[in-house]
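Colleague: Sequence first, then the predicted structure, then my questions.
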Amino acid sequence: MNFIKTLVILSPLFIATFSQANEMRKFYAGIGVGSTTLNDYDDLFNTLSVDEDGNTFKFIAGYQFNRIVALEAQYTKYGDINVTTPLFGGGNTYSWSPESLSIAANVGYTFNNGLRPFGIAGLSSIDINESKKALNDEKYIGFHYGFGVEYTPQRLNSLSLRVGYEADLFFADEEVTYLYSDITISEDHFLNLSTLYISAAYRF
């Protein structure tokens, strides 16, 4: 009898928990816009002037399994990366138009007030789209990562707003031939394309 009484008392809690879990399980899709930043950790462009021109645009799609875990795919179109040198009168001589496709785990926690801090980590395919051939390859496999905060209003629970920082970290190869010799070596350069962005998503 005590077990039955306990079960009767706790059953509304189980039902509410199960109902909330089902409400969390939703597909979502959205768009975002933000800044473009390139961090050149190994001096690929050395003393040349690098200018990030234009906004980053994101297209986001994912599935929310519960309050904690979501699986998310993104297409990111970064702004142009323009490299200038005084030897050519300061004109643009070389540029990237980078873009990436990523698949990542989005892990956070959805509080009852609609706030959800999160971190994101996964893999990405990056195409730098060079204006002139300078590196060994244009396409690279990278590490996609980031963090941010989402907010889902209780009265508009199909709409989700996000502020976040996300980046694609990768290594680029460059073949260097030394002057007055036939020696050519391959150098790896550690690069980080990132964006600080805002986005809105609709939950189905």
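Modeller: Received, thanks.
Colleague: Now the phi/psi pair for residue 156, please.
Modeller: Note on residue 156: backbone dihedrals following degrees, to the nearest 10 are phi -130, psi 60.
Colleague: Could you check how far it is from residue 110?
Modeller: Residue 156 sits at a distance of 15 Å from residue 110 (criterion: Cβ to Cβ, to the nearest Å). Placement of C-beta: from N, CA and C, glycine included.
Colleague: Residue 69 too?
Modeller: On the measure of Cβ to Cβ, residue 69 and residue 110 end up 11 Å apart.
Colleague: Name the residue in those two with the higher neighbour count.
Modeller: Shown here are residue 69 and residue 110; by other Cβ atoms under 10 Å, residue 110 has more neighbours (21 against 15).
Colleague: ok, now which ones touch the more buried one?
Modeller: Residues near residue 110 by Cβ atoms under 8 Å, 6 or more residues apart in numbering: 24, 67, 68, 116, 152.
Colleague: Relative to residue 33, how far out is residue 204?
Modeller: Distance from residue 204 to residue 33, by Cβ to Cβ: 22 Å.
Colleague: The strand or helix carrying residue 62: what's the following helix or strand?
Modeller: Assigning secondary structure by DSSP states H and E places residue 62 in strand 56-64. The C-terminal neighbour of strand 56-64 among helices and strands, as given by DSSP H and E, is strand 69-77.
Colleague: now that following strand: how far from the chain's centre is it?
Modeller: With Cα atoms, centre = their mean, to the nearest Å as the basis, strand 69-77 stands 7 Å off its chain's centre.
Colleague: quick one: low-confidence parts of this protein?
Modeller: Counting by pLDDT under 70, the ranges of the chain that qualify are 1-25, 46-47, 85-92, 174-187.
Colleague: Going along the chain, name the helices of it.
Modeller: For the chain, the helices defined by DSSP state H occupy 2-24.
Colleague: Report the contact partners of residue 192.
Modeller: 38, 39, 41, 167, 168, 169.
Colleague: Bridged to the last one, which residues?
Modeller: The partner list for residue 169 in beta bridges (DSSP bridges) reads residue 143, residue 192.
Colleague: ok, it touching residue 145?
Modeller: Yes. Contact status for residue 169 versus residue 145: in contact at 6.9 Å, counting by Cβ atoms under 8 Å.
Colleague: that older thread, quick check: the farthest pair among the contacts of residue 192?
Modeller: Using Cβ to Cβ, the contacts of residue 192 span at most 13.6 Å, a distance reached by 41 and 168.
Colleague: Settle it for me: which of these two has more neighbours?
Modeller: residue 168 (28 against 10).
Colleague: Nearest the middle, which residue of this structure would you pick?
Modeller: The residue lying closest to the centre of the chain (Cα atoms, centre = their mean) is residue 166, at 4.0 Å.
Colleague: Apart from its chain neighbours, what residue comes closest to residue 32?
Modeller: residue 199 (2.9 Å; Cβ to Cβ, 6 or more residues apart in numbering).
Colleague: so the one you found makes contact with residue 31?
Modeller: Yes. In this structure, residue 199 is within contact of residue 31 by Cβ under 8 Å, at 6.3 Å.
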